[in-house]
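>>> Below are the sequence and a predicted model for it; my questions follow.
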Amino acid sequence: MLSDAERRVLLLYCVSHPAARCPRCHEDITASQVGMDLIGAARDFCPACRTDLTDVLRWHLLECATIGGVLGERIESSRLLRKLSEERKTRSELLAAESAALVARVLARRTT
């Protein structure tokens, strides 16, 4: 049976396209059509013939272009945010050094 996290990903990104093709009856099934055992919660199955689709759905999670695209966008966003953070840190360090130098000059003028 799929984990809650796997099911959430399927329902979030794979509702508009087939997430599985039943190996027995060859029906295309979207994530919202997948049946789930409520008693025992042991499997995810084809609504037409009740064949267990857990492995097929997990394979889809690994191969889905939609999910891969979203992950790629998040990775790229993460890289950009990291770069921006590093730039701001460098700028902050530069401003701190300039402030320290200015304070040192002001204090040096006061003692003379």
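Ah, there it is.

>>> residue nearest the centroid of the protein?
L71 (5.1 Å; Cα atoms, centre = their mean).

>>> Who does the worst-scoring helix or strand of the chain on mean pLDDT pair with, and is each partner parallel or antiparallel?
Ranked by mean pLDDT, DSSP states H and E, the weakest helix or strand in the chain is strand 35-36, scoring a mean of 74. With DSSP bridges as the test, strand 35-36 is paired with strand 44-45 (antiparallel).

>>> Contacts made by the helix or strand following the partner strand with the rest, please.
Sequence order places helix 54-63 as the next helix or strand after strand 44-45, per DSSP states H and E. Residues outside helix 54-63 that contact it (Cβ atoms under 8 Å, 6 or more residues apart in numbering) are 1-2, 6, 9-10, 14, 19-23, 31, 34, 43-44, 67. The way it works is simple: take the backbone N, C-alpha and C, and place the C-beta from them, glycine included.

>>> quick revisit: can you tell me which residues contact the residue nearest to the centre of the chain?
Applying Cβ under 8 Å, 6+ apart, no residues qualify as near L71.

>>> That one: helix or strand, and which one exactly?
Going by DSSP H and E, L71 is in helix 65-111.

>>> what about C14, how many neighbours?
21 (other Cβ atoms under 10 Å).

>>> Which pLDDT value goes with it?
Per-residue confidence at C14 stands at 88 (pLDDT).

>>> burial count for the residue nearest to it when sequence neighbours are not counted?
Once flanking residues are discounted, C14 sits nearest to A31: 4.4 Å by Cβ to Cβ, 6 or more residues apart in numbering. A count of nearby residues for A31, using other Cβ under 10 Å, gives 23.

>>> returning to that earlier point: mind checking which of the contacts of helix 54-63 land in strands?
Per DSSP state E, strands hold the following members of the contacts of helix 54-63: 19-21, 44.
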